[in-house]
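prediction below, plus the sequence it came from.
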Amino acid sequence: MALITLRQLLDHAAEHGYGVPAFNINNMEQGLAIMKAAEKCDAPVIMQASRGARSYAGDIMLRHMIQALSEMFPKIPLCMHQDHGNNEATCLSAIKHGFTSVMMDGSLKEDMKTPADWDYNVAITKAVADMAHWVGASVEGELGVLGNLETGEAAKEDGSGAEGKLSKEQLLTDPDEAAEFVKLTKVDALAIACGTSHGAYKFSQKPTGETLAISQIEKIHAKIPNVHLVMHGSSSVPQYLQDLINESGGEMPQTYGVPVEEIERGIKSGVRKVNIDTDNRMALTGQFRKVAKDKPTEFDPRKFMIPAMEEMTKLCLDRFERFGTAGNASKIDVISMDDMAKRYADGSLDPKVN
Ligand SMILES: O=C(CO)COP(=O)(O)O
Ligand SMILES: O=C[C@H](O)COP(=O)(O)O
Ligand SMILES: [Zn+2]
Ligand SMILES: [Zn+2]
C-alpha cells in the first residue's frame, strides 16, 4: 500500500470521531513494534521522525525502513511525518526522502529554543504549507509554546523546547489567534499548547485542570470545529513503567504524565493527532534493564530487543484502542500525493475557518 498523507488520515479520523497516536521512531525495532500493534487491531499509523532521529538513523535508512514496513504490512495505511521541523530546509528534505507530512514548528525560532513572534511563525509556516501542498504533502503548524503552567518552563532534556520563562499567554493557545493562524497559513493540522511538555517530567503530581488545560482545547475546538488539533507531549508516563525501570536499577524520580482519560477528553474536542515518544522509550529501556538485571550473563542483543519490542507493542495497542484508532485501517482507501496536490490546487482542501 502507498503511504498515506496526514491530511487524509486526520480527515477520516474527524469524520469518524477518533484520534490517532503519532509515535516517534528512530530504529527498526520501534517501527516493527508499532506495526505489529496496528496489525493486531486494524489501526492506521502515524510514525514520526524528529531531526534527532534523522541524524541518528540517516535519511536513506529511514526512507527504506518506511518502505519496508509498508511492504511488510500492506493492509495498514502508514503516514510518515517530520516531527518539529525547524525551517524550510528540514521540511522539504523530509518530503524529498519520502515523508508524506511535515511539521513546521514556527512557534520557536530555528534554534528550537527561542520563542518566535506571530509574524515569523505565520510567514515560515505559510511558506512551507504552500510548497508542501504543491506536491500533496501535509503540514502541521504550532501556535503557543509547550511548557509547564506552574513553573512556566519547557522540558530541559528535549531536542525542541523553549528556554527561559514563558508567560501564561504563551503557554495557552488563544482560540481567536488559532483561527487567524489557520486561515493565513492553510495548515492541515494545528498543534496547540495546553500545559503539556515533552519528556518524562511533565507534572510534579497528578495534573488538575489548573496544570493541564483540556478546557482550553475545548475553547479552541468551539472556535474552529473543522480544524484538526494536535497534542504534543502526550505521554502518560505510566507508573508501571516507572516501576519497571526503577526495580531494574533505574533511578527515575517520581513523575506524572498526561492521563489517558484526559487525552480521550481532548479527542472528543477535535484532537486528532496525539504525539507519544517518551512512553515508548520507557517501555523499551524498562525491558532492557530488566533483562540486564535478571540475566547478567546475557549478551545477545536480540534477547534484550524482543521483550522490549513486546512491551512497546502492548503500549501502542492500548493507545490505538483507547483513542478509537483500532478498526479503521481497513476502512481507508489511500489517496495518492499527486491526487492530494490537485485537491489543494483547486481549493477543495482549504481550511474551513470563519
Ligand atoms: O510531543 C512529542 C513529540 O513531538 C512527544 O511527547 P512525549 O515526550 O510526551 O512523548
Ligand atoms: O519532540 C520530541 C520528541 O520526543 C523527539 O525527541 P528527540 O528530538 O530527542 O528525538
Ligand atoms: Zn513545539
Ligand atoms: Zn512535540
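Structure's in. What do you need? Ligands and ions are numbered 1, 2, ... in the order given.

for this protein, which residue gets nearest to ligand 4?
Nearest to ligand 4 in the chain, going by C-beta to the ion, is His232, at a distance of 3.4 Å. All C-beta atoms are positioned from the backbone trio N, CA, C, and that covers glycine.

so what pairs up with the residue nearest to that residue when sequence neighbours are not counted in the strands?
Once flanking residues are discounted, His232 sits nearest to Asn275: 4.7 Å by C-beta to C-beta, 6 or more residues apart in numbering. Following DSSP bridges, Asn275 is listed with bridge partners Ala22.

quick one, what contacts Asn275?
The contact partners of Asn275, by C-beta atoms under 8 Å, 6 or more residues apart in numbering, come to 21-22, 24, 48, 83, 230-234.

quick check: of those, which lies closest to ligand 3?
Ranked by distance to ligand 3 (C-beta to the ion), these are led by His232 at 6.0 Å.

is stretch 26-41 in proximity to ligand 1?
No: using C-beta under 6 Å from any ligand atom, stretch 26-41 never reaches ligand 1; the gap is at least 12.1 Å.

now that stretch: how far from the chain's centre is it?
15 Å (C-alpha atoms, centre = their mean, to the nearest Å).

next one: stretch 210-218
For stretch 210-218, the distance to the chain centre is 19 Å (C-alpha atoms, centre = their mean).

straight-line length of it, end to end?
Length of stretch 210-218, first residue to last, C-alpha to C-alpha, to the nearest Å: 15 Å.

that older thread, Met35 versus the residue of the chain closest to ligand 4, what's the distance?
Distance, His232 to Met35, by C-beta to C-beta, to the nearest Å: 23 Å.

between those two, which is the more surrounded one?
Comparing His232 with Met35 by other C-beta atoms under 10 Å, the one with more neighbours is His232, at 28 against 22.

what's the longest strand in this protein?
In the chain, with assignment by DSSP state E, the single longest strand is strand 78-85.

get me the contact residues on this structure for ligand 3.
105, 107, 142 (C-beta under 5 Å from the ion).

of those residues, closest to Thr151?
Lowest distance from Thr151 to the residues of the chain next to ligand 3 (C-beta to C-beta) belongs to Ser107, with 18.3 Å.

for that closest one, give its distance to Arg63.
Ser107 is 27 Å from Arg63, by C-beta to C-beta.

before we move on, what about Asp277?
Distance from Asp277 to Arg63, by C-beta to C-beta: 20 Å.

who has more neighbours, these two?
More neighbours surround Asp277 than the other of Asp277 and Arg63, with 24 against 17 (other C-beta under 10 Å).

make sure the more buried one is actually in contact with Ser234.
No: using C-beta atoms under 8 Å, Asp277 is not in contact with Ser234; the gap is 9.2 Å.

all helices of the stretch 101-250 of the chain, in order?
Along the stretch 101-250 of the chain, counting by DSSP state H, counting those that start in this stretch, helices occupy 118-134, 168-171, 175-185, 214-223, 239-247.

for Asp42, which of the ones you listed is the nearest?
Nearest of the helices of the stretch 101-250 of the chain (C-beta to C-beta): helix 239-247, 25.6 Å.

the closest one near ligand 1 anywhere?
No: judged by C-beta under 6 Å from any ligand atom, helix 239-247 makes no contact with ligand 1; its nearest approach is 12.0 Å.

around ligand 1, pick out the residues from the stretch 201-350 of the chain.
Counting by C-beta under 6 Å from any ligand atom, the residues of the stretch 201-350 of the chain that sit close to ligand 1 are 232-235, 275-278.

count the residues that sit near the residue found closest to Tyr256 once you drop the neighbours it is linked to in the chain.
Leaving aside its sequence neighbours, Tyr256 sits nearest to Phe203 (C-beta to C-beta, 6+ apart; 4.1 Å). Residue neighbour count, defined by other C-beta under 10 Å, stands at 21 for Phe203.

which stretch of helix or strand covers Ile267?
Per DSSP states H and E: Ile267 is located in helix 260-268.

which secondary element of this protein has the worst mean pLDDT?
helix 168-171 (a mean of 93; mean pLDDT, DSSP states H and E).

buried ones in that one, by neighbour count?
Using 16 or more other C-beta atoms under 10 Å as the test for burial, helix 168-171 gives 170-171.

where does His12 land in three-state SS?
helix (DSSP: H, G, I helix; E, B strand; the rest coil).

tell me the pLDDT at it?
If you check His12, the pLDDT there is 98.

repeat that for Met1.
For Met1, pLDDT reads 63.

cool, and the one 3 residues further on?
Predicted confidence (pLDDT) for Ile4: 98.

tell me, how many neighbours does it end up with?
29.

likewise the one 10 residues further on?
Ala14 has 17 neighbouring residues, counting by other C-beta under 10 Å.

what sits against whichever residue of the stretch 151-300 of the chain sits closest to ligand 2?
Distance from ligand 2 to each residue of the stretch 151-300 of the chain (C-beta to the nearest ligand atom) is smallest for Gly159, at 2.7 Å. Residues near Gly159 by C-beta under 8 Å, 6+ apart: 50-52, 84, 112.

so of these, which ones are in strands?
Reading strands off these with DSSP E, I get His84.

pretty sure Ala292 sits in a strand.
No: read with three-state DSSP, Ala292 is helix and lies in no strand.

low-confidence ranges in the stretch 1-150 of the chain?
1 (pLDDT under 70).

many thanks, I have nothing further to ask.
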